[in-house]
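Colleague: With the input below, show me the fold.
(one chain, ligands or ions: 1)
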Amino acid sequence: MPDYKLLIGGKLVDGDATMEVVNPATEEVLAVCPRGSQRQLDAAVAAAKGAFKGWARTPMDARRAAVMKLADALEARTEELARLLTQEQGKPLAESTAEIAYSAAFLRYLAGLDLESRLLEDNETRRVEMRRKPLGVVGCIIPWNFPVLIIAFKAPVALIAGNTIVIKPAPTTPLTALRLGELCAEIFPPGVVNIVTDQNDLGGALTAHPDVAKISFTGSTETGRKVMSSAASTLKRLTLELGGNDAAIVLADVDPKVVAAGIFGGAMMNAGQVCLAVKRVYAHAAIYEDLCAELARLADAAVVDDGLMQGAQIGPLQNKAQFEKVKGFLEDARANGRIIAGGTVEDRPGYFIRPTIVRDIADGTKLVDEEQFGPILPVIRFTDAEEALERANASPWGLGGSVWSKDRDRAYALACEMESGTVWINKHLDFGPNIPFGGAKQSGIGVEFAEEGLHEFTQLQVVNEAR
Ligand code: NAD
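Modeller: Residues are numbered from 1 along each chain as shown. Next comes the predicted model:
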């Protein structure tokens with residue numbers, strides 16, 4: 001079996017323990033990899049703290065160049081890493097290949113951002129300058145749905161701003177992150193980037209650590225709450241990218257065939273395990289039948305298979321716990337709605353659930369009100385768009401949402417009323433490193449990407465000088 005190592009203080013080291021990583025398409029052990037201990041987490045934070053001053057003083061262009069080098073190194077190993085990503089995460093190989101490509105693109109774009117000082121006043125009485133300084137050690141906590149891409153959201157901005165980082169991958173998807181660590185070991189000075197794995201037992205220690213200045217967390221709202229309360233002890237800076245229950249509101253004037261394709265793609269990518277996936281559809285009664293039928297047709301036609309198999313469109317759920325959770329949503333769908341496609345667990349090893357379309361279901365059910373994070377889509381009927389908007393907004397979450405209509409002005413007006421950090425018109429799930437991304441309400445705090453995201457990795461400092 002290939003060897004995996006943690007990255008602590010510039011050294012690739014064994015874990016104090018080991019853990020098994022399971023391939024979700026076969027339920028077989030894919031690899032045994034290091035499992036970090038509390039001692040190793042502390043060592044990683046200490047290494048990051050030790051490296052901070054030197055890295056913060058390194059010219060920004062040199063920091064930028066190092067991140068660019070990482071993008072090149074990642075890209076050069078696309079084929080191998082994409083394969084490994086599919087094996088540990090489950091997504092089809094084409095999606096894994098795209099994840100590596102997007103990761104390189106995010107690293108490059110974000111590394112190209114600038115942190116400029118601003119002169120607020122300069123006159124005979126005073127000179128006031130606003131600067132942005134790094135914070136110190138940043139903890140990056142990563143979920144299992146995009147194990148590489150989400151590192152590429154956080155690491156480049158943290159690093160070009162002059163911070164040092166400790167990355168903690170999700171326990172079920174540590175392997176590609178550890179390979180990334182090997183690349184980092186060759187590029188960054190010791191201690192600047194550290195990677196420590198765990199079995200869901202070190203996140204709390206990282207968020208409470210007195211030498212960590214900021215936590216950039218992506219994961220569930222439930223864990224986000226724990227991160228927030230734990231970070232309170234030292235008033236850490238926080239970026240929380242959490243769960244969502246994105247609604248797509250489909251008005252009466254659309255072509256159901258065209259819209260169904262966009263919605264199906266936005267709901268089923270990565271087997272529905274996307275924070276910004278379409279998680280509920282509100283469809284006008286005039287197109288309800290046609291939209292449901294077309295979504296069901298797409299679901300029936302989808303090829304569900306091991307992501308390494310050619311032609312696979314939908315892979316397994318990433319882990320057993322999520323598989324069991326999504327099966328609970330299937331039961332709810334059966335009890336409270338009408339399943340018109342899918343609804344079955346594949347009769348084979350692996351955590352496979354066929355893409356499922358559920359109609360004649362209403363708000364107030366588990367499938368509509370909660371985040372399924374799996375390939376099951378409820379379609380709810382409405383007759384009044386304002387009322388649909390109200391129902392879409394009656395959620396504690398507010399990550400994304402979309403409005404679908406041929407009437408641009410009407411769609412725009414409704415879109416602006418959506419209580420979400422991102423809202424799309426006639427599409428869903430489109431984002432980029434130049435577009436700030438963050439959640440409203442309980443979907444998060446702060447933003448990632450673009451200059452706004454970069455600023456979250458800095459401390460604003462005012463230098464106010466007497467004349
Ligand atoms: P999770 O919250 O279970 O785990 C996320 C990470 O937090 C893992 O690395 C985990 O080990 C760590 N963790 C666990 N307990 C911790 C603690 N007490 N303190 C600190 N860290 C801890 O989430 P998940 O199941 O891996 O991911 C799925 C969730 O993530 C979904 O709700 C999804 O919507 C959300 N998500 C959000 C975004 C976004 O950008 N908004 C992106 C991807 C996923």
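Colleague: Helix, strand, or coil at the residue nearest to Gly265 when sequence neighbours are not counted?
Modeller: Leaving aside its chain neighbours, Gly265 sits nearest to Leu429 (7.4 Å; criterion: C-beta to C-beta, 6 or more residues apart in numbering). Every C-beta, even on glycine, is put in place using the N, C-alpha and C of the backbone. The local conformation at Leu429, judged by DSSP: H, G, I helix; E, B strand; the rest coil, is coil.
Colleague: burial measure for Leu429, as a count.
Modeller: A count of nearby residues for Leu429, using other C-beta atoms under 10 Å, gives 20.
Colleague: repeat for Arg297
Modeller: One way to gauge burial is a neighbour count; for Arg297, by other C-beta under 10 Å, it gives 16.
Colleague: and it, what element?
Modeller: helix 285-301 (DSSP states H and E).
Colleague: which residues touch the next helix-or-strand element following that helix?
Modeller: Next along the chain after helix 285-301, taking DSSP H and E as the criterion, comes helix 320-336. With contact meaning C-beta atoms under 8 Å, 6 or more residues apart in numbering, helix 320-336 is reached by 22, 24, 27, 273, 316-317, 339, 343, 345, 351, 353, 356, 358, 361-362, 365-367, 370, 372-376, 378.
Colleague: so the residue nearest to Gly265 touches Phe264, yeah?
Modeller: No. At 11.3 Å, Leu429 and Phe264 do not qualify as touching, with contact defined as C-beta atoms under 8 Å.
Colleague: which non-adjacent residue is nearest Ala71?
Modeller: Excluding the flanking residues, the one nearest Ala71 by C-beta to C-beta, 6+ apart is Leu107, at 3.9 Å.
Colleague: neighbours around the one you found, how many?
Modeller: Residues within reach of Leu107, counting by other C-beta under 10 Å, total 27.
Colleague: how would you label it: helix, strand or coil?
Modeller: Under the three-state scheme (three-state DSSP), the conformation of Leu107 reads as helix.
Colleague: what sits against Val69?
Modeller: Just so we're on the same page, residue 69 is Lys rather than Val. Counting by C-beta under 8 Å, 6+ apart, Lys69 touches Ile187.
Colleague: name the element it belongs to?
Modeller: Under the assignment given by DSSP H and E, the secondary-structure element containing Lys69 is helix 60-76.
Colleague: Give the buried residues for that helix.
Modeller: Applying a neighbour-count criterion of 16 or more other C-beta atoms under 10 Å, the buried positions in helix 60-76 are 63-64, 66-71, 73-75.
Colleague: Which positions within whichever helix or strand comes after it qualify as buried?
Modeller: Downstream of helix 60-76, the next assigned helix or strand under DSSP H and E is helix 78-89. When neighbours are counted by 16+ other C-beta under 10 Å, the buried residues of helix 78-89 are found to be 78, 81-89.
Colleague: Redo these as TSV? Include distance to the ligand and pLDDT.
Modeller: Below are these laid out as TSV (distance: C-beta to the nearest ligand atom, whole Å; pLDDT from 0 to 100):
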residue	distance to the ligand	pLDDT
Thr78	22	98
Leu81	19	98
Ala82	19	98
Arg83	22	98
Leu84	18	98
Leu85	15	98
Thr86	18	98
Gln87	18	98
Glu88	13	98
Gln89	11	98
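Colleague: Backbone torsions only: list them for the closest residue to the ligand within the stretch 51-200 of the chain.
Modeller: In the stretch 51-200 of the chain, no residue comes nearer to the ligand than Pro143, which is 3.2 Å away by C-beta to the nearest ligand atom. Main-chain dihedrals, Pro143, degrees, to the nearest 10: phi -90, psi -180.
Colleague: mean confidence score for the host helix or strand of Ile151?
Modeller: With the criterion set as DSSP H and E, the secondary-structure element containing Ile151 is helix 149-160. Per-residue pLDDT values over helix 149-160 give a mean of 98.
Colleague: same question, stretch 302-320
Modeller: Here the average pLDDT along stretch 302-320 is 98.
Colleague: Tell me which helix or strand Ala267 sits in.
Modeller: When elements are assigned from DSSP H and E, Ala267 belongs to helix 256-268.
Colleague: Go through that helix and flag the buried ones.
Modeller: Of the residues in helix 256-268, those buried by neighbour count under the rule 16+ other C-beta under 10 Å are 256, 259-260, 262-268.
Colleague: how about a markdown table for the residues you listed, with distance to Leu41 added?
Modeller: Formatted as a markdown table, the buried residues of helix 256-268 follow (distance: C-beta to C-beta, whole Å):
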| residue | distance to Leu41 |
| --- | --- |
| Pro256 | 52 |
| Val259 | 47 |
| Ala260 | 47 |
| Gly262 | 43 |
| Ile263 | 42 |
| Phe264 | 41 |
| Gly265 | 39 |
| Gly266 | 37 |
| Ala267 | 37 |
| Met268 | 36 |
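Colleague: Reformat those residues as CSV; add pLDDT.
Modeller: Shown next, in CSV, are these (pLDDT from 0 to 100):
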residue, pLDDT
Pro256, 98
Val259, 98
Ala260, 98
Gly262, 98
Ile263, 98
Phe264, 98
Gly265, 98
Gly266, 98
Ala267, 98
Met268, 98
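Colleague: Looking at the residues you listed, which is nearest Ile215?
Modeller: Compare each of the buried residues of helix 256-268 with Ile215 using C-beta to C-beta and the shortest gap goes to Gly266, at 29.1 Å.
Colleague: Need the nearest residue in space to that closest one, chain neighbours excluded.
Modeller: For Gly266, the nearest residue in space outside its immediate sequence neighbours is His428; the separation is 3.4 Å by C-beta to C-beta, 6+ apart.
Colleague: Tell me how far the one you found lies from Ala101.
Modeller: Here the distance between His428 and Ala101 works out to 21 Å (C-beta to C-beta, to the nearest Å).
Colleague: Flag every residue of the stretch 51-200 of the chain that's near the ligand.
Modeller: The interface of the stretch 51-200 of the chain toward the ligand, taken as C-beta under 6 Å from any ligand atom, is made up of 141-145, 168, 170-171, 200.
Colleague: Restricted to buried residues, select those in PyMOL.
Modeller: Isolation of the buried members of these (16+ other C-beta under 10 Å) is achieved in PyMOL through the command below:
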select buried, resi 141+142+143+144+145+168+170+171
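Colleague: What is the nearest of the residues of the stretch 51-200 of the chain next to the ligand to Arg391?
Modeller: Within the set of those, Asn145 lies nearest Arg391; the separation is 26.3 Å, counting by C-beta to C-beta.
Colleague: Pull the contacting residues for the closest one.
Modeller: Taking C-beta under 8 Å, 6+ apart as the criterion, Asn145 is in contact with 89, 270, 273-275, 318.
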